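Participant: Here is my input, please return the structure:
(2 chains)
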Number of protein chains: 2
Amino acid sequence: MKAYALLGGPKEEWPSDLSNVFRRANEAGDLIIGVDRGSFLLEQLGISPQLAIGDFDSLKKRELSQVETKTPDIRYSNPIKDLTDTELMIRAVFEDYQVSDLILFGATGGRIDHFLSNLFMFLKPAVRQFAPRVTLIDQQNEIKFFLPGKHQISSKQEFKYFGVMNLNSVKNLNILGAKYELRDFNSSDPQIFASNEFKTNSHEFTLKFDSGIVSVIFSKDLERFYRI
Amino acid sequence: MKAYALLGGPKEEWPSDLSNVFRRANEAGDLIIGVDRGSFLLEQLGISPQLAIGDFDSLKKRELSQVETKTPDIRYSNPIKDLTDTELMIRAVFEDYQVSDLILFGATGGRIDHFLSNLFMFLKPAVRQFAPRVTLIDQQNEIKFFLPGKHQISSKQEFKYFGVMNLNSVKNLNILGAKYELRDFNSSDPQIFASNEFKTNSHEFTLKFDSGIVSVIFSKDLERFYRI
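Facilitator: Purely as a prediction, here's the structure:
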């Protein structure tokens, strides 16, 4: 079973077909989750999550009632806590629901402190192990996370570019078989290697490193942003 | 003299009054800069930058011609290079133009590899020293950067929240006099402390740390994102 979660990020950053994604996931029997305000946004899309987690501070009373009535598993978080709502959700879906993979929508855009929390949470011991099974998706980007080792990364048709970022200290980071290669890069600081591309006629590259957590960000330009 | 730069990020993330900001800056004799596609976006706003930097790959020939005709100082970058267009621009404005401060617009949203590059560039030795004089602004966030020491951070009326993030290894990070305090935090990994607030009746907090670069992200919710 896969899991699909909607967080509270602005709808302007959602993929255009998001309500269909959730509808199809629902029909396939996958787990649907709402995180905080995302629970109510799902209700507004006509989809009731099976699991909702949050302090729900940003919801009006009747909005929260609607979520409470329709959600079988609702968990109230404490705003003063070590783990964020999203981190609590990640532990719940992998430990309690035993899902195979988790796709996060609504994790980008809007408040940048929220987005950075969603990106850097995988450095925390409580969720680190789940990093390779989580994907963040918005209208222009798809973000994956890797633990040390050798990984073959396949191209994705709609994304022209990819960036590679060590989220923390990294040893012997290699990007091999891509347009711009990197060999045995070592750094104690995070660094992003942006705007890389797959080689012509090649559909994969090798990502290899010995320590740290590395994120691969697939991205594309949207033509409508080119003009005012 | 201050400097105002427009990068290539999507207009959806711009502050709503951006063309007025540039118009007023122009009238005040401040330096206006376009980075890559941002140069052409400025032209479309009716404002000619004094300085344009980029490889201009994403511009059509006649669009680039328009920028070239109107921009007194235009610098062509090499796409295969150690410094990004934005990093080259930062060095140019502080070293060649001797500006006091730099405000970046269009640095967020869109391609996440670009945004992360704009945020983490201050870890690079080539631009690190300029970090405290640069501010990133979009419609919901204002981001500042701090070098080690003790800093009094003042509240900003329109922003309810702030987050504090050590971009790299940090020693003895303190957030004092805020709603949620942090004392002598040490970490080799980046971590974000999101959704903090100023204390009631207090208009500042103390940020103190001994090593690393720390970012403070002021943010606000936008009511229109609450509903679909």
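Participant: Let me know the distance separating the spatially closest residue to residue A:57 that is not a sequence neighbour from residue A:58.
Facilitator: For residue A:57, ignoring the flanking residues on the chain, the nearest one in space by CB to CB, 6 or more residues apart in numbering or on different chains is residue A:79 at 7.0 Å. Quick note: C-beta positions are derived from backbone N, CA and C, even for glycine. Between residue A:79 and residue A:58 the distance is 11 Å, computed by CB to CB, to the nearest Å.
Participant: And the two? Which one has more around it.
Facilitator: More crowded of residue A:79 and residue A:58, by other CB atoms under 10 Å in any protein chain shown: residue A:58, with 16 against 11.
Participant: residues in contact with residue A:217?
Facilitator: Taking CB atoms under 8 Å, 6 or more residues apart in numbering or on different chains as the contact definition, residue A:217 lies against A:141, A:142, A:143, A:162, A:163, A:164, A:165, B:112, B:113, B:116.
Participant: Just the ones of those residues in strands?
Facilitator: Using DSSP state E, A:141, A:142, A:143, A:162, A:163, A:164, A:165 are the members of the contacts of residue A:217 that sit in strands.
Participant: of the residues you listed, closest to chain B?
Facilitator: Proximity to chain B was ranked across the ones in strands among the contacts of residue A:217 by CB to the nearest CB; first place goes to residue A:163, at 2.9 Å.
Participant: which one is that closest one nearest to, not counting chain neighbours?
Facilitator: Using CB to CB, 6+ apart, the nearest residue to residue A:163 is residue B:113, at 2.9 Å.
Participant: Could you check the pLDDT of that neighbour?
Facilitator: Residue B:113 carries a pLDDT value of 97.
Participant: coming back round to it: export the ones in strands among the contacts of residue A:217 to a markdown table and tack on neighbour count and pLDDT?
Facilitator: Shown next, in a markdown table, are those (neighbours: other CB atoms under 10 Å in any protein chain shown; pLDDT from 0 to 100):
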| residue | neighbour count | pLDDT |
| --- | --- | --- |
| A:141 | 24 | 98 |
| A:142 | 20 | 98 |
| A:143 | 23 | 98 |
| A:162 | 27 | 98 |
| A:163 | 22 | 98 |
| A:164 | 27 | 98 |
| A:165 | 23 | 98 |
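Participant: ok, the most centrally placed residue in chain A to residue A:218 distance?
Facilitator: Central residue check for chain A by CA atoms, centre = their mean: the C-alpha nearest the mean position is that of residue A:136, 2.1 Å away. Distance of residue A:136 to residue A:218, computed by CB to CB: 11 Å.
Participant: just residue A:164 next, same as before
Facilitator: Residue A:164 is 11 Å from residue A:218, by CB to CB.
Participant: With residue A:31 instead?
Facilitator: 24 Å.
Participant: show me where chain A has helices.
Facilitator: Secondary structure of chain A (DSSP state H): helices at A:18-27, A:37-44, A:61-70, A:85-91, A:112-120, A:125-128.
Participant: now for the ones you listed, which one comes closest to residue B:210?
Facilitator: helix A:112-120 (21.3 Å; CB to CB).
Participant: Between strand A:161-166 and the closest one, find me the angle.
Facilitator: Angle of helix A:112-120 versus strand A:161-166, following axes from the mean of the first three to the mean of the last three CA atoms, to 10 degrees, is 80 degrees.
Participant: Which elements pack onto helix A:112-120?
Facilitator: Taking 3 or more CB pairs under 8 Å, 6 or more residues apart in numbering or on different chains; DSSP states H and E as contact, the helices and strands that helix A:112-120 lies on are strand B:141-146, strand B:161-166, strand B:191-197, strand B:214-219.
Participant: Where does the prediction get shaky in chain A?
Facilitator: A:224-228 (pLDDT under 70).
Participant: rerun at 90
Facilitator: Scanning chain A for pLDDT under 90 picks out A:57-58, A:78-82, A:157, A:222-228.
Participant: quick one: residue A:46 and residue A:26 touch, right?
Facilitator: No: when contacts are counted by CB atoms under 8 Å, residue A:46 is not listed as touching residue A:26 (9.8 Å).
Participant: Who has more neighbours out of the two?
Facilitator: Using other CB under 10 Å as the criterion, residue A:46 and residue A:26 rank with residue A:26 on top: 18 against 10.
Participant: mind listing what the more buried one touches?
Facilitator: Residue A:26 neighbours (CB under 8 Å, 6+ apart): A:32, A:47.
Participant: again, but for the one 4 residues further on
Facilitator: When contacts are counted by CB under 8 Å, 6+ apart, residue A:30 is found next to A:1, A:2, A:3, A:4.
Participant: Now do stretch A:92-105: everything it contacts.
Facilitator: A:1-7, A:9, A:14-15, A:18, A:21, A:31, A:33, A:51, A:53, A:75, A:86, A:90, A:118, A:130, A:133-138.
Participant: Tabulate the helices and strands packed on helix A:112-120 (TSV), appending distance to residue A:68.
Facilitator: Below are the helices and strands packed on helix A:112-120 laid out as TSV (distance: least, CB to CB, whole Å):
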stretch	distance to residue A:68
strand B:141-146	32
strand B:161-166	26
strand B:191-197	23
strand B:214-219	28
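Participant: before we move on, the earlier item: pull out the buried members of the contacts of stretch A:92-105.
Facilitator: Neighbour counting by 16 or more other CB atoms under 10 Å in any protein chain shown classes A:3-7, A:9, A:14, A:18, A:21, A:31, A:33, A:51, A:53, A:86, A:90, A:118, A:130, A:133-138 among the contacts of stretch A:92-105 as buried.
Participant: Among the residues you listed, name the ones in strands.
Facilitator: The strands, defined by DSSP E, take in A:3, A:4, A:5, A:6, A:31, A:33, A:51, A:53, A:134, A:135, A:136, A:137 from the buried ones among the contacts of stretch A:92-105.
Participant: want to throw the residues you listed into CSV with distance to residue B:125?
Facilitator: Converted to CSV, those look like this (distance: CB to CB, whole Å):
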residue, distance to residue B:125
A:3, 42
A:4, 42
A:5, 39
A:6, 41
A:31, 46
A:33, 43
A:51, 46
A:53, 42
A:134, 33
A:135, 34
A:136, 30
A:137, 35
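Participant: The nearest residue to residue A:156 once chain neighbours are set aside pairs with what?
Facilitator: Once flanking residues are discounted, residue A:156 sits nearest to residue A:218: 5.4 Å by CB to CB, 6+ apart. Bridge pairing for residue A:218 (DSSP bridges) gives the partners residue A:142, residue A:162.
Participant: burial of residue A:208, as a residue count?
Facilitator: 19.
Participant: got it, and residue A:117?
Facilitator: 22.
Participant: Tell me, how many residues neighbour residue A:39?
Facilitator: Other residues near residue A:39 come to 31 when the count uses other CB under 10 Å.
Participant: residues touching it, list them.
Facilitator: A:6, A:49, A:52, A:54, A:56, A:59, A:67, A:71.
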